[in-house]
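Peer 1: sequence and predicted structure below; questions after.
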Amino acid sequence: TSTGSCAGRKGGCLNWVHPPDERARIRPPPYAPSGRMRSDTTRHMRSASHALINLLRVVVLAIVMTGCGSLGVMAQAQASAQAPVALDDRNPLVDLWPQVRIWAETDQATGIAEILRDPPLFEVPGTAARTLGMREEGIWLRLPITVTAQSNGIWVLDIDYPVINQVDMYLVSAGQLVTQERVGNLATLRARAIRSRSLSFGLTMTPGTEYVLYLRVQNTGALILPITLSKPAEFLERALAEQMLQGVLFGLGMCLLVYSLSQWLMLREPLFAKYALLISGSILFCLLQFGVGAQFLWPGNRWIELHMGGLSALIAATGSFLFIEQVLVGQDMGPRLSRLMKIGAALTTVSAIVYALDLISVLQVTLIVSTLGLAPSLLGLPGALQRARRGDPVGYSFLLAWLVYAVSTWVLIEVIKGRMDANFWTLHS
């Protein structure tokens, strides 16, 4: 007899297992509960289990709420427990970023009077050091300062990222505004108290006095903030060194540009014109990024300051597509890859035009450059490897150059997005 047929007969299995004469002797044990008693017991057990589960839920919820409250208190304490920066003339250069606390505006711009009347919660930045990534809203920075007796109180506040649109500086002591000043790349150098390449403020403070430094920064692009306090002599030395470095780099770039253009004009070889396009984009980007262009070439030109960063990056990307395609066309690059390179150049050219017409924002340009910026090197990599395998030194030169270019581009993109520290090496990559 199968199990299924046994289950189908109500009580049939009992008849099959026990003969009729033995069924009479089968009785339930005296301790077995009745059906009603079993149902009552089951019901009580279920009620008890539900009550226990509800109790556990309440306990877990209380623990979670307590933990969240503790984390909030800890975060508030961490934000409020901001150690002041002690200024001492024996230490002529102070990196302010470790003490920086920030607060982002929400709907509308906030003034210093509102900040002092109802102080918001300033928090530790959640990005890499000296960069806040792509931010369009106004960001407030708070820095408590103590001028020790070993200082004469004369310092220079410097933000070595000249392409920030607007920086408002407020120096407060005992809740009263002592001094304020506004700088930015959209104003002329003549409007600044310190007409330097970077964004700088001169501060005169009283020894033995505590101050709070507030900065409101706003930019259409990346908010990179290499912010320092230095003595005037230290500031001048660093400014001259950077000015000299930019002069050398600009001179090298101009030599390459002039050589390429002259070769193109004399030989009528389009390869040199494409390389000149690549070099010109890189030169324009450096002139804007390090403030040299605003000093000498386009002082006070608002449109160039707002657009040159994106345009120069797109020009360099277009030149890269065209130059690499021209070098590797033929046996080192098939027609499909060659077509992709030309499509990439067309996309970056169209992007530059629509950006110049203000049809797309700088955030969209950053996305385009971060997507297409490394594409020329990646598409040209197979052709360069083929040349290197044949022993062609041009292949090895391309591989080395593209490796440096790819790493440098990736580093700068990561700094702009706030994922890598901004320092001398990453900003000069």
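Peer 2: Perfect, I can see it now. Residues are numbered from 1 along each chain as shown.

Peer 1: what sits against T348?
Peer 2: L314, A317, T318, F321, I368, L372 (C-beta atoms under 8 Å, 6 or more residues apart in numbering). Glycine gets a C-beta too; all of them are placed from N, C-alpha and C.

Peer 1: who's in contact with the first one?
Peer 2: Contacts for L314 were tallied using C-beta under 8 Å, 6+ apart; they are G281, T348, T349, S351, A352, Y355, V365, I368, V369.

Peer 1: ok, and the most crowded of those residues?
Peer 2: Counting neighbours by other C-beta atoms under 10 Å, T348 comes out on top of these with 27 neighbours.

Peer 1: CA atoms only for stretch 389-396 - export them in CSV, please.
Peer 2: Taking Å, rounded to 0.1, in the frame of the first residue of the first chain, the C-alpha atoms of stretch 389-396 are listed here in CSV:
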residue,chain,number,x,y,z
ARG,A,389,56.6,45.3,-30.4
ARG,A,390,58.2,46.1,-33.8
GLY,A,391,61.0,48.0,-31.9
ASP,A,392,59.8,51.4,-33.1
PRO,A,393,61.0,54.0,-30.5
VAL,A,394,58.0,56.1,-31.4
GLY,A,395,55.8,53.4,-29.9
TYR,A,396,57.7,53.5,-26.6
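
Peer 1: flag every buried residue along it.
Peer 2: Using 16 or more other C-beta atoms under 10 Å as the test for burial, stretch 389-396 gives G395.

Peer 1: what residues does it touch?
Peer 2: Looking at what lies outside stretch 389-396 - C-beta under 8 Å, 6+ apart - the contacts are V327, A384, L385, Q386, R387, A388.

Peer 1: let me see the contact set for the first one.
Peer 2: Translated: V327. L271, G380, V394, F398.

Peer 1: now, these that are in helices?
Peer 2: Among the contacts of V327, DSSP state H puts L271, G380, V394, F398 in helices.

Peer 1: from those, which is closest to F290?
Peer 2: F398 (27.6 Å; C-beta to C-beta).

Peer 1: which stretches of the protein have low pLDDT?
Peer 2: Counting by pLDDT under 70, the chain contains low-confidence ranges at 1-81.

Peer 1: could you pull out the strands in it for me?
Peer 2: Ranges of strands in the chain, per DSSP state E, are 85-87, 93-95, 101-104, 131-134, 139-147, 154-159, 166-173, 176-183, 199-204, 210-218, 222-224, 227-230.

Peer 1: for the first one, which residues meet the burial criterion?
Peer 2: Residues of strand 85-87 classed as buried by neighbour count (16+ other C-beta under 10 Å): V85, L87.

Peer 1: swap in the third one?
Peer 2: Using 16+ other C-beta under 10 Å as the test for burial, strand 101-104 gives R101, I102, W103.

Peer 1: on that earlier part again, make TSV out of the contacts of V327 and add distance to E234.
Peer 2: Formatted as TSV, these follow (distance: C-beta to C-beta, whole Å):
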residue	distance to E234
L271	47
G380	45
V394	46
F398	42
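
Peer 1: now, among these, which is nearest to P92?
Peer 2: Among those, and counting by C-beta to C-beta, the member closest to P92 is F398, at 44.9 Å.

Peer 1: isn't the closest one right up against G380?
Peer 2: Yes: using C-beta atoms under 8 Å, F398 is in contact with G380, at 7.1 Å.

Peer 1: how near is S377 to S338?
Peer 2: In this view, S377 and S338 are 15 Å apart by C-beta to C-beta, to the nearest Å.
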